[in-house]
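# Please work out how this folds:
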Amino acid sequence: MSFAITSPITGAAQAGFTSPTFTVVSDMAPTPQGKQVAVSALGGTQAGVTTHTVSSPFTLNFVRPPVYKTLGKPNPTTGLIKDVPRNTYKFIGRKGVLPLAGQPYAVAQATLVLDIPAGADTADAANIRGLLSALFGAIAQQSAGVGDTMVSGIV
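Residues are numbered from 1 along each chain as shown. Just a heads-up that it's a prediction; the model follows:
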């Protein structure tokens, strides 16, 4: 199945939030290689969080490579491939935040870059899935900790 966010999204744990959910609607992605949703409603307790507006965006965007790279031919003498190209995917979250009370919104951005060697999609799909399973599991497990670090500065 391709990338398709279903609504609502159940949010991960964060300090001060109780059962956060995010209702999303399809939005136009900035590039043709992307799929984007905008947060149109909130659920649970998440005081102070706002939904998507022009002045304060709240979007999630997944972007695939504009052109997929393929694995080249091995050197006929050594059997090695000199340069393994990479296909880069990005998952980008954007949220309008107030830098100071009374000021206009500024956009905070979180970008997850997935840089996968060409050919691994065929030769080693299981380990790509294993990498992503562990990565997204760790992100979900540590969501509150990352939020605490961003607010307190303590790792």
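# rest of the way, CA atoms for contacts and neighbours
Fine.
# OK, contacts around the residue most central in space within the chain?
Centroid-nearest residue in the chain, with Cα atoms, centre = their mean: residue 91, separated by 3.0 Å. The contact partners of residue 91, by Cα atoms under 8 Å, 6 or more residues apart in numbering, come to 60, 61, 62, 63, 111, 112, 113.
# what's the neighbour count on residue 134?
Each residue near residue 134 was counted by other Cα atoms under 10 Å, and the total is 11.
# before we move on, what about the one 3 residues further on?
Other residues lying near residue 137 total 12 when counted by other Cα under 10 Å.
# can you check the one 5 residues further on too?
Residue crowding around residue 142 was assessed by other Cα under 10 Å; the count is 15.
# returning to that earlier point: list buried residues within the contacts of residue 91.
Using 16 or more other Cα atoms under 10 Å as the burial test, the contacts of residue 91 include 60, 61, 62, 63 as buried.
# what's the closest non-adjacent residue to the first one?
For residue 60, the nearest residue in space outside its immediate sequence neighbours is residue 93; the separation is 4.5 Å by Cα to Cα, 6 or more residues apart in numbering.
# again with the last one
Setting aside the residues directly before and after it, residue 63 is nearest to residue 34 in space (Cα to Cα, 6+ apart), at 4.1 Å.
# check which helix or strand covers the residue nearest to the centre of the chain.
Element membership of residue 91, judged by DSSP states H and E, is strand 86-97.
# Extract the C-alpha set from the helix or strand following that strand and format it as PDB.
Beyond strand 86-97 in the direction of the C-terminus, DSSP H and E gives the next helix or strand as strand 106-117. Extracted as PDB, the C-alpha positions of strand 106-117 are listed here (Å, rounded to 0.1, in the frame of the first residue of the first chain):
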ATOM      1  CA  ALA A 106       6.600  31.700  12.500                       C
ATOM      2  CA  VAL A 107       6.700  28.200  10.900                       C
ATOM      3  CA  ALA A 108       8.400  25.400  12.800                       C
ATOM      4  CA  GLN A 109       9.400  22.500  10.600                       C
ATOM      5  CA  ALA A 110      10.400  18.900  11.400                       C
ATOM      6  CA  THR A 111      11.900  16.900   8.600                       C
ATOM      7  CA  LEU A 112      12.600  13.200   8.700                       C
ATOM      8  CA  VAL A 113      14.900  12.200   5.800                       C
ATOM      9  CA  LEU A 114      15.000   8.600   4.600                       C
ATOM     10  CA  ASP A 115      18.000   7.900   2.500                       C
ATOM     11  CA  ILE A 116      17.900   4.400   1.000                       C
ATOM     12  CA  PRO A 117      20.600   2.900  -1.300                       C
END
